[in-house]
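In: Got a predicted model here, sequence first, then my questions.
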Amino acid sequence: MRVLVTGGAGYIGSVVTEELLRDGHDVVVYDSLYKGHRRAVVAGATFVHADLANTETLRATLVARQIDAVVHMAADSLVGESCEQPAKYYQNNFVNGLILLEAMRETKVERIVFSSTAATYGQPDKQPIEETAANLPTNPYGQSKLAFEQAMRWYNEAYGLRFASLRYFNAAGASEACGEDHAPETHLIPIALQVAAGTREFVEVFGDDYPTPDGTCVRDYIHVIDLARAHILALKKIENVNDAGSIYNLGCGGAGYSVNQVLATAREVTGKDIPARVGPRRAGDPAVLIASSEKIKRERGWKPKFQDVRVIVESAWRWMQAHPRGYSE
Ligand SMILES: NC(=O)c1ccc[n+]([C@@H]2O[C@H](COP(=O)([O-])OP(=O)(O)OC[C@H]3O[C@@H](n4cnc5c(N)ncnc54)[C@H](O)[C@@H]3O)[C@@H](O)[C@H]2O)c1
């Protein structure tokens, strides 16, 4: 297939591109580089440096490259920022998403895999979270992603768009060539490794009085290669013309990992001290957030290969040591 990966110069998009190329697909990376990195565009992919809002370029790319399917990863994805600037999230994650759906409709591209988020569920009591849980997002980030999912559903009804949406929490780890280089970095594993590497002073732990075994929050971490493989499985599913649309959660299985467990693992892997300071809880942080992967395992045979958090942290540390300044010169 000829696949357009929006956001393919970003963290997850670069690994999705690697895996698509490995499977023999042609890939066009479409990215404004507003957050991503030119060096993260994998060799072998065609790069179009443009914003989703640029309707003409988007439409022209879909036609000129004879795109069969889209993997849509371009987005803003900082929960805290979304609460401060909701319009930014509606604009990029929903309005720009609609521009993509319209361009696809006009150029007859009928398949899309969407990188959604488990933030669509909000804070359900029952963990791990299944796809049947109610959608009650507690921030504009989750809400804007849910709005785009709903738009895909109505495009399916109206025009036969075939879609799959993947909902997950924390992508983590690295491939050999592609890793995590966000600014600002808000994710626990790269932050802990930055402390180990000496580029950050300490890790702030947001509360240690939660009702969890060690008092710190428990979360889900999925290796970015396992995530990329799930995107490709979802793409294969919608090759079937009778497939309407589906939503799959992705989680790490088991009971998740507490902040303290992740920090202990990072200390073991790096052999460094990694000082941590306990601060107050963050508003809106639930004690436990874990997604269930049973549906995608059952229906699509997804088999994560790198579930152990130690393996995840090791891969991230290898990448950070090989790229001490991330993707910068
Ligand atoms: N990282 C995670 O843990 C996580 C968890 C759940 C869901 N997701 C979702 O996965 C996707 C990728 O996340 P990531 O961590 O790789 O993010 P990222 O910021 O590293 O990558 C996003 C890429 O999209 C590009 N982009 C953003 N808006 C654009 C636009 N309007 N036009 C063109 N390009 C644009 C950016 O330049 C960047 O390269 C996002 O949609 C995010 O919401 C990520």
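Out: Sure thing, it's come through.
In: so where do the helices sit in the stretch 51-200 of the chain?
Out: For the stretch 51-200 of the chain, the helices defined by DSSP state H, counting those that start in this stretch occupy 55-64, 79-84, 86-89, 96-107, 140-159, 188-197.
In: quick one: the fourth one near the ligand?
Out: Yes - figure legend: helix 96-107 in contact with the ligand (CB under 6 Å from any ligand atom); contacting residues Asn96. Using the backbone N, CA and C atoms, a C-beta is placed for each residue, glycine as well.
In: State the mean pLDDT of that helix.
Out: Mean pLDDT, helix 96-107: 98.
In: Check which residues of stretch 187-195 are buried.
Out: Neighbour-count burial for stretch 187-195, counted by 16 or more other CB atoms under 10 Å, picks out 188-195.
In: burial measure for the closest residue to the ligand within the stretch 151-300 of the chain, as a count.
Out: Proximity of the stretch 151-300 of the chain to the ligand (CB to the nearest ligand atom) peaks at Ala171, 3.7 Å away. Look at Ala171: counted by other CB atoms under 10 Å, it has 22 neighbours.
In: Please apply the same query to Leu136.
Out: 13.
In: show me what contacts the closest residue to it other than its chain neighbours?
Out: Spatial nearest neighbour of Leu136, chain neighbours left out: Gly122 (3.9 Å); criterion: CB to CB, 6 or more residues apart in numbering. Gly122 makes contact with 134-138, 142, according to CB atoms under 8 Å, 6 or more residues apart in numbering.
In: now the residue of the stretch 151-300 of the chain closest to the ligand, which residues is it bridged with?
Out: Ile222 (DSSP bridges).
In: Please verify my assumption that it contacts Asp220.
Out: No - Ala171 is not in contact with Asp220 according to CB atoms under 8 Å; the separation is 10.0 Å.
In: Select only the buried ones of the contacts of Gly122 in PyMOL?
Out: The buried residues among the contacts of Gly122 can be selected in PyMOL (16+ other CB under 10 Å) with this line:
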select buried, resi 137+138+142
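In: In terms of distance to the ligand, which of the contacts of Gly122 ranks first?
Out: Distances from the ligand to the contacts of Gly122, taken by CB to the nearest ligand atom, are shortest for Gly142, at 9.7 Å.
In: Now do the closest one against Leu289, distance only.
Out: Between Gly142 and Leu289 the distance is 12 Å, computed by CB to CB, to the nearest Å.
In: swap in Ala134?
Out: The value you get for Ala134 to Leu289, if CB to CB is used, is 15 Å.
In: picking up where we left off before, now tabulate the contacts of Gly122 in CSV and tack on pLDDT.
Out: Formatted as CSV, these follow (pLDDT from 0 to 100):
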residue, pLDDT
Ala134, 96
Asn135, 96
Leu136, 95
Pro137, 95
Thr138, 92
Gly142, 96
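In: just the helices of the stretch 51-200 of the chain: most buried one?
Out: With neighbours taken as mean count of other CB atoms under 10 Å, the helices of the stretch 51-200 of the chain reach their highest mean count in helix 188-197, at a mean of 22.
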